[in-house]
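Chemist: Quick one, fold the following:
(one chain, ligands or ions: 1)
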Amino acid sequence: MLKGWFILQHNSMLMLRFIPYLICLLVLKEARTQELKPLRPIPTRAQEQWQDMEFYIFVHFGPNTFTDREWGHGDEPEDSFNPSQLDCRQWCRIAKAAGARGIIITAKHHDGFCLWPSKYSKHTVKQSKWQMGKGDVLRDLSRACKEYGLKFGVYISPWDRNHPYYGTPAYNGVYVNTMKEIFARYGPIWELWWDGANGEGPNGKKQVYDFKLFEKTIRKISPNTIVFSDIGPDIRWVGNEKGIAGETNWNLLDTAGFTRGAGAPPTDTLNKGNMYGRNWIPAESDVSIRPGWFYHPEEDNKVKSPEQLFDLYLKSVGRGSNLLLNVPPDRRGLIHGNDSAALMGFRKIREENFKYDLLKNESIQIVDRQNQRITFRLNDNNAKSFDSIPFNGSSSVYIKLKSKRKINCIQLQEPIAMGQRVSAFSVLLLNERDEPIQEIRGTTIGRKRILTFTTAEPSAISITIDRSKGLPLLSEVAGYLITKGLAGQKNL
Ligand code: FUL
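Modeler: Next comes the predicted model:
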């Protein structure tokens with residue numbers, strides 16, 4: 001009995017002695033969980049999934065394809081639209097083989113012509129002689145996308161140079177019905193593209209768009225659709241039509257006081273985002289594989305080369321944006337051989353150059369003044385797992401390479417679900433004595449940051465986060481040796 005009491009006393013004493021440690025641990029844990037809370041604003045699930053799409057195809061197709069115009073006047077005879085061999089499965093086959101993950105089509109461009117037999121317009125495929133008025137491009141393409149496992153999106157131009165109601169309040173109702181019709185017949189729609197253009201209609205008047213109503217409608221009928229316009233709500237225009245995101249690229253944007261189109265923020269702001277922006281609105285980089293958005297036979301030999309496309313990939317996806325690459329079908333309704341050849345070359349370059357991650361089998365250490373630890377999370381090829389980098393100005397990620405190797409590309413990723421944080425970082429390539437042989441500096445990282453630099457042969461690599469809005473987090477670090485001369489990097 002006495003013994004039992006003694007043991008109890010002894011245990012309690014022991015426990016008492018540990019209490020300060022326990023408190024300490026709890027405090028530390030609390031501090032860590034606090035630090036590891038998401039830093040708002042953060043993406044919605046749909047936005048996060050959208051950012052994982054990286055690269056997809058834009059299709060500009062309509063009367064302009066046949067009339068050699070970029071902006072139709074809206075008075076083109078319906079019969080002008082007459083593809084001789086339309087095959088949306090061919091588009092999908094090529095998109096899939098190029099490694100694209102979806103297709104967005106101009107269901108209606110500024111000329112108002114509808115690529116589906118709409119109840120709300122008399123300027124549609126139904127009024128054309130194509131397939132004796134029974135053709136429906138949206139039906140064919142939405143089906144083909146499903147068959148090939150591609151996401152399906154639509155561009156529905158609010159500007160309509162044909163519709164008799166355009167320029168009157170009634171047109172806003174027509175536009176809402178048009179969207180409802182498309183979503184009901186051809187959904188699910190993954191991305192909806194709102195062009196900012198707002199010109200005059202057939203009666204010489206401009207429309208006052210009721211974007212509040214448009215947005216409310218979409219949120220109601222399809223809450224997960226990603227809606228694009230120059231200022232969102234879900235994704236923003238990158239500020240140019242060259243497919244180039246800012247080297248500094250925040251997924252954040254302030255939209256208060258701005259409107260779509262002429263009232264949008266300066267293009268430079270759209271290009272870079274706002275560091276302290278209140279909304280999560282990432283940039284989509286749109287560009288055409290040819291000089292024009294629509295097909296023109298005289299541009300058959302002006303298709304961007306695989307190397308140029310790869311350069312654009314580095315400047316869009318490699319800067320944390322998505323790449324929306326326009327590939328306009330020709331008058332047959334097929335993707336021209338020159339375009340598909342360029343796309344296949346583009347895929348090959350990406351595959352070959354990103355096949356072997358030089359850091360995959362290296363051990364990555366997280367180092368600060370006091371301690372160092374090995375992390376497996378930064379090269380586990382899982383962008384969702386991440387680690388925090390102790391942030392005291394001198395902390396870094398250190399990779400001692402098993403053997404010296406040539407490298408000219410580093411890829412970094414932040415776990416964006418936790419909010420975008422890093423605003424300045426540097427990568428040091430070190431020799432066997434840990435002396436710097438090359439320094440590469442960057443600002444934002446975001447979902448993906450691909451840095452290319454002059455080829456070096458380091459023994460170790462050190463990455464330092466120089467400035468961050470909160471505790472810096474990294475999810476992936478990879479390294480590559482990109483083929484010399486690619487992407488205009490002459491000295492790679
Ligand atoms: C612009 C349009 O005016 C062009 O014709 C094209 O559709 C491009 C993607 O967006 O604002």
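Chemist: Identify the residue nearest Glu104 in space, chain neighbours excluded?
Modeler: No Glu there; residue 104 is Ile. The spatial neighbour of Ile104 that comes closest, neighbours along the chain excluded (Cβ to Cβ, 6 or more residues apart in numbering), is Gly153 at 3.6 Å. Every C-beta, even on glycine, is put in place using the N, C-alpha and C of the backbone.
Chemist: Wasn't that neighbour part of a strand?
Modeler: Yes: counting by DSSP: H, G, I helix; E, B strand; the rest coil, Gly153 is found in a strand.
Chemist: can I assume it is in contact with Gly102?
Modeler: Yes: using Cβ atoms under 8 Å, Gly153 is in contact with Gly102, at 6.1 Å.
Chemist: Overlap of the contact sets of these two?
Modeler: The contact sets of Gly153 and Gly102 overlap at 56, 190-191 (Cβ atoms under 8 Å, 6 or more residues apart in numbering).
Chemist: State the phi and psi torsions of the residue lying closest to Thr248 once chain neighbours are set aside.
Modeler: The shortest distance from Thr248 to any non-neighbouring residue, by Cβ to Cβ, 6+ apart, is to Thr443 (4.2 Å). According to degrees, to the nearest 10, the main-chain angles of Thr443 amount to phi -110, psi -90.
Chemist: Touching, Thr443 and Ser426? I think so.
Modeler: No: the pair Thr443 / Ser426 is not scored as a contact, 10.5 Å apart, by Cβ under 8 Å.
Chemist: Tell me which of these two has more neighbours.
Modeler: Using other Cβ atoms under 10 Å as the criterion, Thr443 and Ser426 rank with Thr443 on top: 19 against 15.
Chemist: count of neighbours near the residue of the stretch 251-400 of the chain found nearest the ligand?
Modeler: Nearest residue of the stretch 251-400 of the chain to the ligand: Trp293, at 4.5 Å (Cβ to the nearest ligand atom). When neighbours are defined as other Cβ under 10 Å, Trp293 has 21 of them.
Chemist: Show me what secondary structure element comes after the strand or helix carrying Leu412.
Modeler: Assigned by DSSP states H and E, Leu412 belongs to strand 407-413. Next in sequence after strand 407-413, counting helices and strands by DSSP H and E, comes strand 422-430.
Chemist: Just want the angle from the helix or strand following that next one to strand 422-430.
Modeler: Going down the chain from strand 422-430, the next helix or strand is strand 436-442, by DSSP H and E. Counting by axes from the mean of the first three to the mean of the last three Cα atoms, to 10 degrees, strand 436-442 lies at 160 degrees to strand 422-430.
Chemist: In the stretch 351-492 of the chain, which residue sits closest to the ligand?
Modeler: Arg447 (22.7 Å).
Chemist: can I assume that residue is in contact with Gln51?
Modeler: Yes: judged on Cβ under 8 Å, Arg447 makes contact with Gln51 at a distance of 5.0 Å.
Chemist: what's the overlap in contacts for these two?
Modeler: Shared contacts of Arg447 and Gln51, counting by Cβ under 8 Å, 6+ apart, come down to 282, 416.
Chemist: Then Ala262 would be within a strand, right?
Modeler: No: read with three-state DSSP, Ala262 is helix and lies in no strand.
Chemist: List the contacts of it.
Modeler: 196, 198.
Chemist: Distance check, Ile226 against Ser80.
Modeler: Distance check for Ile226 against Ser80: by Cβ to Cβ, to the nearest Å, it reads 32 Å.
Chemist: Throw the shared contacts of Gly153 and Gly102 into JSON lines and include secondary structure and distance to the ligand, thanks.
Modeler: JSON lines is the format used below for those (DSSP: H, G, I helix; E, B strand; the rest coil; distance: Cβ to the nearest ligand atom, whole Å):
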{"residue": "Tyr56", "secondary structure": "strand", "distance to the ligand": "14"}
{"residue": "Trp190", "secondary structure": "coil", "distance to the ligand": "17"}
{"residue": "Glu191", "secondary structure": "strand", "distance to the ligand": "13"}
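Chemist: Turn those residues into a markdown table, including neighbour count.
Modeler: A markdown table is the format used below for the shared contacts of Gly153 and Gly102 (neighbours: other Cβ atoms under 10 Å):
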| residue | neighbour count |
| --- | --- |
| Tyr56 | 24 |
| Trp190 | 24 |
| Glu191 | 25 |
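Chemist: thinking again about what came up before, and the strand holding Leu412, which strands flank it?
Modeler: strand 449-456 (antiparallel), strand 476-480 (antiparallel) (DSSP bridges).
Chemist: how far is the first one from where the chain is centred?
Modeler: Computed by Cα atoms, centre = their mean, to the nearest Å, the chain-centroid distance of strand 449-456 equals 21 Å.
Chemist: and that strand, which residues are buried?
Modeler: When burial is assessed from 16 or more other Cβ atoms under 10 Å, strand 449-456 yields the following buried residues: 449-453, 455-456.
Chemist: residue contacts, the residue lying closest to Ser316 once chain neighbours are set aside?
Modeler: Spatial nearest neighbour of Ser316, chain neighbours left out: Ser285 (3.7 Å); criterion: Cβ to Cβ, 6+ apart. Shown in contact with Ser285 (Cβ under 8 Å, 6+ apart): 238, 243-245, 312, 315-316, 321-324.
Chemist: rewinding a little: tell me the contacts of the residue nearest to Thr248?
Modeler: Neighbouring residues of Thr443 by Cβ under 8 Å, 6+ apart: 247-248, 423-425.
Chemist: Kindly recompute the last result at 6 Å.
Modeler: Going by Cβ atoms under 6 Å, 6 or more residues apart in numbering, Thr443 touches 248, 423-424.
Chemist: can you check Asp195 too?
Modeler: With Cβ under 6 Å, 6+ apart, Asp195 has these contacts: Ser157.
Chemist: ok, what's across the strand from the residue nearest to the spatial centre of the chain?
Modeler: In the chain, the C-alpha nearest the mean C-alpha coordinate belongs to Asn322, at 2.2 Å (Cα atoms, centre = their mean). In this entry, Asn322 is beta-bridged to Glu284, by DSSP bridges.
Chemist: Nearest residue to the residue of the stretch 251-400 of the chain closest to the ligand in space, ignoring adjacent ones along the chain?
Modeler: His60 (4.3 Å).
Chemist: how long is stretch 437-446 end to end?
Modeler: 26 Å (Cα to Cα, to the nearest Å).
Chemist: Pull out the buried positions in that stretch.
Modeler: Of the residues in stretch 437-446, those with enough neighbours to count as buried (16+ other Cβ under 10 Å) are 438, 440, 442-446.
Chemist: and if you look at stretch 299-318?
Modeler: 299, 303-304, 306-318.
Chemist: restrict those to contacts with the ligand.
Modeler: Among those, not one lies near the ligand by Cβ under 6 Å from any ligand atom.
Chemist: which ones among those are found in helices?
Modeler: Among these, the ones falling in helices (DSSP state H) are 306-316.
Chemist: Low-confidence ranges, this protein, go.
Modeler: 1-35, 392-395, 487-492 (pLDDT under 70).
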